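J.: Build me a model from this:
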Amino acid sequence: MFNWNKKEKPLQGLIGGGGGVTGYLLGGAGGGAMDASGGITNEADGKKFHRFTSPGTFTINSGSAICNFMVVAAGGAGGGANEGHGGGGGGGMVDLPESAPQNVALESGDYSVSIGTGGGGNGGNSTFVGAPFGTLTGIGGGRYAPGGSGGGGRGDSPSVGQATQPGAGGLSGNYGWGHPSGSGVGPEQGEGGGGAGSPGGGSPQDGYGGSGRKPPWLPTAFGDQGRFGGGGGAGVRNPGPPGGPGGSGGGSPGTRGQNSSPGANGLGGGAGGASEGSTPGQGGSGCVIIAYPI
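T.: As a prediction, this is how the structure comes out:
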């Protein structure tokens with residue numbers, strides 16, 4: 001078990017969470033030219049990381065630095081009952097690297113962080129507010145609808161849940177990641193929700209959830225092997241194939257004959273759909289990670 005009261009060597013362990021495959025950043029002390037606080041901190045690969053899984057404030061006490069930013073929204077809920085059984089879309093991701101030409105150094109001050117929460121519909125948005133380049137907004141994953149990553153369709157509709165994160169305004173769209181759901185074939189089939197890294201699968205196959213995405217600057221030991229924003233799988237009506245697998249990065253599988261699991265909290269996971277008589281899961285909450293050289 002990680003000792004939160006002392007500094008550990010980087011990446012010495014992870015603490016798992018419920019609702020899917022997940023992990024949390026490790027605790028640790030900071031240093032370097034910029035002195036900042038807020039969130040859960042760790043040092044690795046020559047950087048200090050601040051991870052927020054609940055609303056808070058990123059405070060720069062002194063110094064300045066050009067930072068890497070990852071903003072992930074909450075995932076969408078899965079479908080169920082007689083509405084079709086599409087998987088929820090994963091939370092949309094904004095990945096603004098320090099190498100981006102629009103990125104500029106953050107100076108001393110307070111920067112507001114909000115975290116999108118899941119529920120029975122589309123996921124909530126996450127934001128990083130107050131930077132000189134503007135607000136970064138991750139758009140919540142869809143349920144039967146467009147979203148940061150699109151949610152699988154309703155009933156026998158062949159429509160695709162489109163991804164709205166790449167089309168968002170400003171840097172949130174220019175550096176935004178999200179993919180559409182799979183498409184539907186036949187009555188009440190379940191399509192996989194899209195993920196930040198890839199689209200969802202179509203029905204009447206397994207309707208797998210789209211994969212999450214790993215920013216290149218993020219260590220693989222964070223989250224689900226560095227991946228965030230995975231879509232859910234999709235349950236389907238009997239008779240039919242079993243529910244598809246959830247997308248890496250927090251997506252939960254679709255189910256038949258039992259309630260589906262929620263998407264993973266802190267990863268923006270979309271939830272899998274469930275067949276009639278079962279309850280679909282809710283989307284997982286998002287997160288914000290800020291990193292800078294030490």
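
J.: for Ser172, helix, strand, or coil?
T.: helix (DSSP: H, G, I helix; E, B strand; the rest coil).

J.: Count residues in the vicinity of Lys48, would you?
T.: Neighbours of Lys48 under the rule other Cβ atoms under 10 Å: 23. Every residue, glycine included, has its C-beta placed from N, CA and C.

J.: which secondary structure element contains it?
T.: For Lys48, the host element (DSSP states H and E) is strand 47-52.

J.: Report the backbone C-alpha coordinates of that strand in PDB.
T.: Taking Å, rounded to 0.1, in the frame of the first residue of the first chain, the C-alpha atoms of strand 47-52 are listed here in PDB:
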ATOM      1  CA  LYS A  47       8.100  16.300 -14.400                       C
ATOM      2  CA  LYS A  48       5.800  17.000 -11.600                       C
ATOM      3  CA  PHE A  49       2.200  16.000 -12.000                       C
ATOM      4  CA  HIS A  50      -1.000  17.400 -10.400                       C
ATOM      5  CA  ARG A  51      -4.100  15.200 -10.800                       C
ATOM      6  CA  PHE A  52      -7.600  16.500  -9.900                       C
END
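
J.: And stretch 277-292, what's buried?
T.: Buried residues in stretch 277-292, counting neighbours by 16 or more other Cβ atoms under 10 Å, are found at 278, 280-292.

J.: Poorly predicted segments of the stretch 151-294 of the chain, please.
T.: 155-158, 185-188, 236-240 (pLDDT under 70).

J.: Quick one: the strands in it, in order.
T.: Per DSSP state E, counting those that start in this stretch, the stretch 151-294 of the chain carries strands over the ranges 176-177, 287-293.

J.: Please identify which of these is closest to Ala271.
T.: Comparing those by their distance to Ala271 (Cβ to Cβ), the top pick is strand 287-293, with 16.8 Å.

J.: Can you give the distance from that closest one to the centre of its chain?
T.: Averaging C-alpha positions (Cα atoms, centre = their mean, to the nearest Å) puts strand 287-293 15 Å from its chain's average.

J.: go on, stretch 170-178?
T.: The answer for stretch 170-178 is 14 Å, by Cα atoms, centre = their mean.

J.: Touching it from outside, list them.
T.: 71, 89-90, 92-97, 100, 102, 133-139, 141, 147-150, 163-168, 194, 196-197, 213, 229 (Cβ atoms under 8 Å, 6 or more residues apart in numbering).

J.: Please list all residues in contact with the residue nearest to Asp206 when sequence neighbours are not counted.
T.: The shortest distance from Asp206 to any non-neighbouring residue, by Cβ to Cβ, 6 or more residues apart in numbering, is to Gly244 (3.6 Å). Gly244 makes contact with 87, 190, 192, 201, 205-209, 233-234, 253-254, 272, according to Cβ under 8 Å, 6+ apart.

J.: Next, format these as TSV and append neighbour count and distance to Gly116.
T.: Formatted as TSV, the contacts of Gly244 follow (neighbours: other Cβ atoms under 10 Å; distance: Cβ to Cβ, whole Å):
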residue	neighbour count	distance to Gly116
Gly87	51	18
Gly190	41	24
Gly192	42	21
Gly201	27	24
Gln205	17	30
Asp206	22	28
Gly207	37	24
Tyr208	30	23
Gly209	47	18
Gly233	38	21
Ala234	45	22
Pro253	28	22
Gly254	41	22
Gly272	43	19
